[in-house]
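>>> My questions are about this predicted structure, shown below with the sequence.
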Amino acid sequence: MNTGGRLIAGSHNRNEFVLINADENGRIKSVQELSGQVCQICGDEIEITVDGEPFVACNECAFPVCRPCYEYERREGNQACPQCKTRYKRIKEQVAEAMLSARLNTGLASHSSVSGIPAHSELDSSPLSSKIPLLTYGEEDAEISSDQHALIVPPYMVHGNRVHPMPYSDPSIPLQPRPMVPKKDIAVYGYGSVAWKDRMEDWKKRQSEKLQVVKHEGGNGGGNFDGHELDDPDLPMMDEGRQPLSRKLPIPSSKISPYRLIIILRLVILGLFFHYRILHPVNDAYGLWLTSVICEIWFAVSWILDQFPKWYPIERETYLDRLSLRYEKEGKPSELASVDIFVSTVDPLKEPPLITANTVLSILAVDYPVDKVACYVSDDGAAMLTFEALSETSEFARKWVPFCKKFNIEPRAPEWYFSQKIDYLKNKVHPSFVRERRAMKREYEEFKVRINGLVATAQKVPEDGWTMQDGTPWPGNNVRDHPGMIQVFLGHSGVRDVEGNELPRLVYVSREKRPGFEHHKKAGAMNALVRVSAVLSNAPYLLNVDCDHYINNSKALREAMCFMMDPTSGKKVCYVQFPQRFDGIDRHDRYSNRNVVFFDINMKGLDGLQGPYMLELGVFFEGRHFMVMMHLSRRSPLVRPATVGQNGAASAVDPERTRNRSQRRRRKRSRTGKHQSRYTLWKILKKELKSPVFVASTILENGGVPQDASPASLLREAIQVISCGYEDKTEWGKEVGWIYGSVTEDILTGFKMHCHGWRSVYCIPKRPAFKGSAPINLSDRLHQVLRWALGSVEIFLSRHCPIWYGYGGGLNWLERFSYINSVVYPWTSIPLLVYCTLPAICLLTGKFIVPEISNYASIVFMALFISIAATGILEMQWGGVGIDDWWRNEQFWVIGGVSSHLFALFQGLLKVLAGVNTNFTVTSKGADDGEFSELYLFKWTSMLIPPTTLLIMNIVGVVVGISDAINNGYDSWGPLFGRLFFALWVIIHLYPFLKGLLGKQDRMPTIILVWSILLASILTLMWVRINPFVSKDGPVLEVCGLNCD
C-alpha cells in the first residue's frame, strides 16, 4: 500500500481511513505502527491526540482503552479503569481527537488501486466539494442524498485527504484483545460479552442520535477533500452549534449519598421513637401525652411528604454560545423564537408606577432581537395613572434602550442600575461612556420627576372623573364597569429610538369589566393577556413577571431558550421556572423573605423528578401548548393543521386518514371513552377560541399573525377576546389557560400540566434572571403567606386535590408527594399551635408529655435530634444555603404556621363550605425613604394575636417553672429541664416575631399586649379551674410518717 509518507488514521471495525500529511520525520505507514496498541475492550486502535501521542484513558496504569470505550465507561459503566479500578477523570474533548475517531461512512470510489487505497497522485488530485450545508437535529436538506456524508475538519488539518474506507489488515484474522490478567479471559471482567456489546452499541446509537452526521453534496461517489475549503474557521464552530444546548449536573455523590443515608437512618430512628412513645404512655398526664403523640405523628407524615421529593436533586448548565451558533448565523436573520412578556398590575397606589416603569424598561432593553420581543402590560385597575406612566415610559425608552445595548450594562432597570454601590467603570473601555452615563442619569432623574408629578396629581380624583388630553373622558373612570382598552405605544411603524433603530412592541391592555360577570381576579387578567397577545403578535413563547420583578439578567430569555428550543429535550418541556430573588431585604432577613431554602433546595429536588412548581413570576412557557395542553397529554398526538385559508379558516390534516379504514375502526373502538385526549388542534381551537382570526393566528407553526390580516382587524379581534363574556361556554379557566378556583392559580395550573405528562425545568443562571421587591414588614409578610396558604386550602377542598386527582396521567409519584405537601401544609397549623401550647401547660401544671426516660429512650431521643441536624446540614451543603438562611426559614415556619396558615385554614373553610368570600390584599411594593424603614412599620392585623399569646404563655410558664424549682429544692431541677427545653424551643422560634412587635422603639403595641395578656390569663384560669389531671374527689391526702410529738 502506497501512502506517500502520510499519516494513516482509522478503524478496522468501523471500516474507515484518513490520510493526513506529515513531515519527513513523522512519516509512518499505519496507526498500529504509531501507537503499537489496540483497545483491550473492543479491539479498535487507540486514537491519536493533537500532540501525536496515543490516547491515554488512565494516567495510573495506562491500560489501553480507546476513546469510545472510555466515554462509554465514564458515562454508562463503572466510571473506573478496568485494570487498576482508578476512577476515570473527565478528559476534555478536542475537536482534532474527535475528528480522528469520527465515522467516515462513505461509498466506494469509482477508481481505486489494487489495495483499495488511491495512490499518491490520486490523493493529490481529489477534488473537494465546495458546498457543505450543515444540518441540525431532526432537519435534513432535501437536496442531499442519504448516502452522502460530510466530515467537519478543523483548520489545522488543511492537508488532510479523505480516503474511501477499506480494511488495512486481513479481516479473516480477528484481533485478540490482551486480557488484564493473562491467565483469565476478558469476559470474566464483563467486557467483550454479548451483553456488554449490546450495551455498547445502544450507547453508540444514542450518541449518534444526539450528534447527527453532517451531510453534503459530493462527487464521484464522493467525499474527497482538498485543502482549500478546510480553512473555514466556522466549521468547528458549527459543529459546536449542533451540541445540546443544556445539560444536567447531578449533585456529587460525596454530598448526595450521605444525605440519602441520613434520610433512611432518620426514618428508622423515627420508627423507634414512635415505638417508644406509643408503648410508654404517661398515666398521670394521659391527655397531654395523647395530644403530643397525635401532633408528632402528623409532623412525621408532613416531614416524609417534604423530604422524599428531594431525593434526586440536580442542577443545570446552559450553553448560550451554542444557542447563538445554532440560531443566529452571521449574515442571516435570527432564527430565535419570538417571546411575549406579560406584566401584571392592579393598583398604582400600592404598586408605584415608577417600579412598573423600571420593569418595562428592563424588558424593552433585553438582549434579544427587538423584532421578536413584545411587552404587554395588564392594568386590571383601569387606572389612568398607569396609562400615562406607560406613555412617559415609552418616550424614555427611546433613549434608555440604545444606551443599555451600546455599553452592555447590567441590570437594565435604571433605578437599580444607578443605585448600585459598585465600580460602574469596571470593564468599560468606551471613551464616551462616562459622559453618556451622566447624561442618561440626568434624563432618568427628569423622568422620575415626571412620574412623581403624575402620582401627585392622581392623589385627588376629580368629581367628574379623569379626562384625557383631547378632552375625552377616561373610559376606566368606573373600575367595575368599563370597556376593554388597548393601546400600542411602541413597535408600530415610525416609532424608533434616538439612533433610528427599531424598538420592541409595548402594549397597554385593560380587559373589559361589567357588573354581573365573574372576572376571576389575577388569573382572569392573565388569561386575557394570553388571548390578546395571540392575536396581536402571537409569539410561540410567553414569559410572565410581576410589575415589581425586573429582568436582572439581560440574557434571561436566551437562558430559557436553551431548554425550550433544544431539538431533543425541548419537546418534553412545558415551562421553565426561574428562582425568585429579591432586593431591599435587611441583612438578617428577619422574616425569611428570600426563601432560599425553598428555591435552592426544594426546587432543585423537584427538578430531578418531573420539574419544579409553576410560580407565576419568572415562568417561561410555550403559548400554544398552554392553550391546548389540558386537552392533550404529552403522549397524545398533536395534529397540526397543514393549510390555512385566506379567510382565516384552517383545515386539519390527520395522518390517520391515509391508513387502512379497518385499522382506523379498530383503533377507534379501542379508544372509546378516551377521545377527549385525542383532540386535534383544530377542534380545540375552534371550540375555545371562537374567532377565525384568532384560530388562524394560533395555528401558525412558528407564531406570528396571518399575512393578510390588517392592523385594524387585529385590534378589533383583540378587543373581542378581552371582553367579559368571551369565556362563556368555553373551557377557559377549567381546562385551558390559567386555571380558576384558587388564588394560587400558578400552582394549580402547573399541577395540571404535570398530570398530563409534561415536565418542567428549573433554571438558575449565575446572574439572577429576575429580581423583585419583597414585603419586609411583618404584617405585609404575614398577609402574603396568608394568600399562599389560602390558595393551598382551596386546592385541597377542590376536585383538583393531588390526593385524589390526576392518577394515570403521567404524574411522578414523588412529584405527587410534593404537591400533596403543598396543599396539606396549612392544616399543620392546628397541631403546631397545640404543640407550642403544651410547654406552657406542662410548666404550669408540673406534668410532662414524656415519662421518666431510660437509657434506651435517651439514646433514641439523641439519635433523633442528631439526625434532624445532620439532614439540615447536608441539605445546606448540596443546596448552597447558609446556616442563617436555614435557621430563619425554620423560625418563620413556626411563625407563619401559628398565624397566617391558621387564619388561611379558617378562611378557606368559610369560603368553600359557607360561601363567604375573602378579599385579596395587594401587597405594597413601594419603599419608604429610609433604608429598611418599612421593616419597623407596625400594621395591625388579627393574625398577630395567636403567636403573641403563645409567647406570653411560654414566658410565664418558664418563670413559674423556675420559681417552683427554686422553692422545691435541688431534686426538682432534673424534671424541670425537659419542660424548660420544650418552652425555650417555642420562644426561640418566635423571637423574630417578638422583635417585629417591639419595632424600632422596642415597644410592643398596646392593643397587642392587652389582647394577648387577656387571652393568656383566661386560658390559664380556665386550665386551673378545670384541670383534667387533678382527681375529681380532691387531692389525695396521706398520713405523715413523722412523729411530731
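Happy to help now that I have it.
>>> Which residue ranges of the stretch 251-400 of the chain form strands?
Remark: strands assigned in the stretch 251-400 of the chain by DSSP state E, counting those that start in this stretch are 314-318, 339-345, 373-379.
>>> could you dump those strands to a markdown table with mean neighbour count?
Any C-beta I mention is one placed from the backbone N, CA and C, and that applies to glycine too. Output for the strands of the stretch 251-400 of the chain, formatted as a markdown table (neighbours: other C-beta atoms under 10 Å):
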| stretch | mean neighbour count |
| --- | --- |
| strand 314-318 | 18 |
| strand 339-345 | 26 |
| strand 373-379 | 26 |
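>>> In TSV: these, plus distance to residue 283 and mean pLDDT.
Output for the strands of the stretch 251-400 of the chain, formatted as TSV (distance: least, C-beta to C-beta, whole Å; pLDDT from 0 to 100):
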stretch	distance to residue 283	mean pLDDT
strand 314-318	51	93
strand 339-345	59	93
strand 373-379	63	93
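>>> Tell me which of these sits nearest to residue 42.
Closest of the strands of the stretch 251-400 of the chain to residue 42 is strand 314-318, at 30.4 Å (criterion: C-beta to C-beta).
>>> which strands and helices sit next to the closest one?
Helices and strands touching strand 314-318, by 3 or more C-beta pairs under 8 Å, 6 or more residues apart in numbering; DSSP states H and E, are strand 246-250, helix 556-564, helix 603-607.
>>> Next one: residue 801 from residue 902, what distance?
20 Å (C-beta to C-beta, to the nearest Å).
>>> before we move on, back to that, any chance of the strands of the stretch 251-400 of the chain in JSON lines, with distance to residue 444 too?
Formatted as JSON lines, these follow (distance: least, C-beta to C-beta, whole Å):
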{"stretch": "strand 314-318", "distance to residue 444": "32"}
{"stretch": "strand 339-345", "distance to residue 444": "19"}
{"stretch": "strand 373-379", "distance to residue 444": "19"}
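>>> out of those, nearest to residue 949?
With C-beta to C-beta, the closest approach to residue 949 among the strands of the stretch 251-400 of the chain belongs to strand 339-345: 37.3 Å.
>>> relative to helix 556-564, how tilted is the closest one?
Angle, strand 339-345 to helix 556-564, by axes from the mean of the first three to the mean of the last three C-alpha atoms, to 10 degrees: 120 degrees.
>>> what angle separates strand 339-345 from strand 373-379?
Strand 339-345 and strand 373-379 are oriented at 20 degrees to each other (the same axes, to 10 degrees).
>>> Use 766 as the first number for this chain going forward.
Yes, from this point I'll number from 766; that puts the last item at strand 1104-1110.
>>> which residues of the stretch 1466-1615 of the chain score low on pLDDT?
Confidence mapping of the stretch 1466-1615 of the chain against pLDDT under 70 gives the ranges 1466-1468.
>>> Can I get stretch 1601-1611 in PDB? Just the C-alpha atoms.
C-alpha atoms of stretch 1601-1611 as PDB (Å, rounded to 0.1, in the frame of the first residue of the first chain):
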ATOM      1  CA  CYS A1601     -46.500  25.100  71.000                       C
ATOM      2  CA  THR A1602     -49.100  25.400  73.800                       C
ATOM      3  CA  LEU A1603     -48.000  22.200  75.600                       C
ATOM      4  CA  PRO A1604     -44.700  23.500  77.100                       C
ATOM      5  CA  ALA A1605     -46.600  26.300  79.000                       C
ATOM      6  CA  ILE A1606     -49.200  23.800  80.200                       C
ATOM      7  CA  CYS A1607     -46.500  21.400  81.400                       C
ATOM      8  CA  LEU A1608     -44.700  24.100  83.300                       C
ATOM      9  CA  LEU A1609     -47.900  25.500  84.900                       C
ATOM     10  CA  THR A1610     -49.100  22.000  86.000                       C
ATOM     11  CA  GLY A1611     -45.900  20.200  86.700                       C
END
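>>> List just the one of the helices and strands packed on strand 1079-1083 that sits closest to residue 1248.
Smallest distance to residue 1248 across the helices and strands packed on strand 1079-1083 (C-beta to C-beta): 33.0 Å, for helix 1321-1329.
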